[in-house]
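>>> need a 3D model of the following:
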Amino acid sequence: MNTTIRIKLSLMMFLEFFIWGAWFVTLGTFLGNNLKASGSETAAVFSTQSWGAIIAPFIIGLIADRYFNAEKILGILHIAGAFLMYQMYQSTDIGLFYIYVLSYMVLYMPTLALVNSVAFNQMKDPEKEFANIRVWGTIGWILAGLAISFLFHWDSAEAVSTGLLKNTFLLAGIAALALGLLSFTLPKTPPKVSEEKIKIGDIIGLDALKLLKDKNFLIFFISSILICIPLAFYYQNAHPFLTAAGVENPTGKMAIGQISEALFLLFIPVFFARFGFKKTILVGMIAWAVRYVLFAYGNGGDLSFMLITGIALHGICYDFFFVSGQIYTNSKAGEKYKSAAQGLITLATYGIGMLIGFAVAGWITDNYKTVEGAINWLMVWIIPAGIAFAVFLIFALLFKDKNKLANEI
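Below you'll find the predicted structure:
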């Protein structure tokens, strides 16, 4: 690959995930402290990610893949996203903020597929080349968190109380504008010209429903939806919890989770080869329960190491379940249904599962408060720990690992 193109693609990935990490991590704290949002209102805002994930395949399948170059629509979406970020930065009303963030997520979520499309189009051997490009996305997310905590100090107690946390939207908006402009200089990625009639079922992966006839895949599919319930608790409540616990530089410390994610990604082939799919995914499931128990009983003082350990478990929680699940889905689908199957799993997890999860997390937050209105964090974390452990037991008892996937890695 041409060095100039490699640099542009790496910068594209860096900015793509820098944008997300710059505002999404601190969103829960901003909503509760600055917009005085309730648990259910916070859940509704976080659920926009799921609605964006549900709508994204239609934007890609009906528009981007058929009529426009991927790099051009990527640029348009990010420039429009920069405008919406500025509106979110200025918002003081939760109702208006929700409209802006929903509009933003509908535009942003399709770009996750578009950046992959642009990158893959320039690669002769994606299996070897993609990881070296994609890792810059993880670096972007990490640096966004470190900048917020250690450079700008927007997540300090004083900054949060004086409203400086809203600057994260301004930072994300500037990065979005930069990526929008950069996109028009990226290598041309023309649409996939096809004369075939568009089928809605193909776009959202409904053809892959045939895989659910396999009992093991059905159990995995249901477990994927259920495990997203405790996952939503982390996205929605982790930053507000760390802030309330008095943890200094919470945004920067949450970046430990992304560092962990990058490191544990390297261990997945080893676990598959030695232990097989079932044991690997069970480790991911039990890690969710363990991390939430650590959150429930840790604090920002003498037991702060429990909170940091819980954050560091993110790599096992995410990689061992979601990445392993993607590999398993790919192996079960066969050539005909590979794309459809991945689309179906994405719809089930980031769509259905996360929607349910955010709603449950919001309800729990609203219903477990002290008389003074403070959140009972013990219950907020013990409940998702119990849910994760229940999913662990269901999968352990019902899933039969008949076909080892070790040889397929």
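>>> by mean pLDDT, flag the weakest helix or strand of this structure.
helix 200-204 (a mean of 57; mean pLDDT, DSSP states H and E).
>>> mind listing the helices for the stretch 101-250 of the chain?
Taking DSSP state H, counting those that start in this stretch, the helices of the stretch 101-250 of the chain run over residues 126-146, 157-161, 167-183, 200-204, 215-244, 250-264.
>>> next, the contact list for Val101, please.
45, 48, 84, 88 (CB atoms under 8 Å, 6 or more residues apart in numbering). No exception for glycine: its C-beta is placed from N, CA and C like everyone else's.
>>> narrow those to those in helices?
Among the contacts of Val101, the members found in helices (DSSP state H) are 45, 48, 84, 88.
>>> touching, the second one and Leu102? I think so.
Yes: shown here, Thr48 and Leu102 form a contact pair, counting by CB atoms under 8 Å, at 4.4 Å.
>>> residues that sit against both of these two, list them.
What both Thr48 and Leu102 touch, as defined by CB under 8 Å, 6+ apart, is an empty set.
>>> ok so, going back, nearest to Val323, of the ones in helices among the contacts of Val101?
Ranked by distance to Val323 (CB to CB), those are led by Thr48 at 24.5 Å.
>>> from Gly39, how far out is that closest one?
16 Å (CB to CB, to the nearest Å).
>>> those two: which is more packed in?
For Thr48 versus Gly39, neighbours defined as other CB atoms under 10 Å are more numerous around Gly39 (24 against 21).
>>> which residues touch the more buried one?
Shown in contact with Gly39 (CB under 8 Å, 6+ apart): 361-367.
>>> quick one: which of these sit in helices?
Reading helices off the contacts of Gly39 with DSSP H, I get 361-367.
>>> that older thread, need the contacts of Gly39 in CSV (columns: neighbour count and pLDDT).
Below are the contacts of Gly39 laid out as CSV (neighbours: other CB atoms under 10 Å; pLDDT from 0 to 100):
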residue, neighbour count, pLDDT
Ala361, 30, 95
Gly362, 25, 95
Trp363, 13, 95
Ile364, 22, 95
Thr365, 25, 93
Asp366, 15, 92
Asn367, 12, 93
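>>> count of residues packed around Gly300?
Count around Gly300 with other CB under 10 Å applied: 16.
>>> got it, and Ile394?
Ile394: 15 neighbours (other CB under 10 Å).
>>> tell me the pLDDT of Val135.
You'll see Val135 listed with a pLDDT of 87.
>>> ok, now Leu344?
78.
>>> where's it relative to Leu282, distance?
In this view, Leu344 and Leu282 are 22 Å apart by CB to CB.
>>> compare these two and say which is more crowded by neighbours.
Leu344 (24 against 21).
>>> so which strand or helix has that one?
helix 324-346 (DSSP states H and E).
>>> might one say that Ala44 is in contact with Trp363?
No: if you go by CB under 8 Å, Ala44 and Trp363 don't touch, sitting 11.5 Å apart.
>>> shaky segments in the stretch 151-300 of the chain?
192-208 (pLDDT under 70).
>>> can you pull the buried residues of stretch 69-81?
69-75, 77-81 (16 or more other CB atoms under 10 Å).
>>> output those residues as JSON lines; include the columns pLDDT, distance to Ala22 and secondary structure.
Formatted as JSON lines, the buried residues of stretch 69-81 follow (pLDDT from 0 to 100; distance: CB to CB, whole Å; DSSP: H, G, I helix; E, B strand; the rest coil):
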{"residue": "Asn69", "pLDDT": "85", "distance to Ala22": "27", "secondary structure": "coil"}
{"residue": "Ala70", "pLDDT": "84", "distance to Ala22": "23", "secondary structure": "helix"}
{"residue": "Glu71", "pLDDT": "91", "distance to Ala22": "22", "secondary structure": "helix"}
{"residue": "Lys72", "pLDDT": "93", "distance to Ala22": "24", "secondary structure": "helix"}
{"residue": "Ile73", "pLDDT": "90", "distance to Ala22": "22", "secondary structure": "helix"}
{"residue": "Leu74", "pLDDT": "93", "distance to Ala22": "18", "secondary structure": "helix"}
{"residue": "Gly75", "pLDDT": "96", "distance to Ala22": "19", "secondary structure": "helix"}
{"residue": "Leu77", "pLDDT": "94", "distance to Ala22": "17", "secondary structure": "helix"}
{"residue": "His78", "pLDDT": "97", "distance to Ala22": "13", "secondary structure": "helix"}
{"residue": "Ile79", "pLDDT": "98", "distance to Ala22": "17", "secondary structure": "helix"}
{"residue": "Ala80", "pLDDT": "97", "distance to Ala22": "17", "secondary structure": "helix"}
{"residue": "Gly81", "pLDDT": "97", "distance to Ala22": "12", "secondary structure": "helix"}
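>>> tally of neighbours for the nearest residue to Ser103 once chain neighbours are set aside?
Nearest residue to Ser103 in three dimensions, chain neighbours excluded: Leu84, at 5.6 Å (CB to CB, 6 or more residues apart in numbering). By other CB under 10 Å, 22 other residues sit near Leu84.
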